[in-house]
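Undergrad: return atomic coordinates for the entry below.
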Amino acid sequence: MSHGKTAFVCLPCHASYKQPYDRDRPDRVCPRCAGPLIHVGSAFAPPRRRDAAGWRALSVLLHAGVRFHKSCCGGPGYRPRSPREVKERMAYAEATGEPYARALVRAEVA
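TA: Sure, this is the predicted structure:
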């Protein structure tokens, strides 16, 4: 039985590609710019290509180590979709000492 496809993104191109995951082939390249693709998981929903703010927010999430994999408990969970939401969660992480990756996927900030 073959495994399903998973998502890879190219941040400079604002592009997402579904490809079969292969552990033996970890390095993927973008078909548009030949830059590296980032494995983001099978439950990823990309922002629209023209949504520059959404792609900036996604870039912060990916560089913090957040990925979008399915779980048995209802999917990948919350993710901020705007730079304002990212900034709020980063400020919360600074104030509380919570790791950035955990603060970024927190649905509510106090």
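Undergrad: what's the lowest-mean-pLDDT helix or strand in the chain packed up against?
TA: Using mean pLDDT, DSSP states H and E, the weakest-scoring helix or strand in the chain turns out to be helix 100-104, at a mean of 87. If you count contacts as 3 or more CB pairs under 8 Å, 6 or more residues apart in numbering; DSSP states H and E, helix 100-104 packs onto helix 83-96. Backbone N, C-alpha and C define where each C-beta goes, glycine included.
Undergrad: buried stuff in the helix it packs on?
TA: V86, R89, M90, Y92, A93 (16 or more other CB atoms under 10 Å).
Undergrad: and F8, that one's in a strand?
TA: Yes - under DSSP: H, G, I helix; E, B strand; the rest coil, F8 sits within a strand.
Undergrad: wait, what's in contact with it?
TA: S16, Y17, K18, Q19, R28, L37, I38, H39, V40 (CB atoms under 8 Å, 6 or more residues apart in numbering).
Undergrad: make sure the fourth one is actually in contact with V9.
TA: It refers to Q19. No - between Q19 and V9 there is no contact under CB atoms under 8 Å: 11.1 Å.
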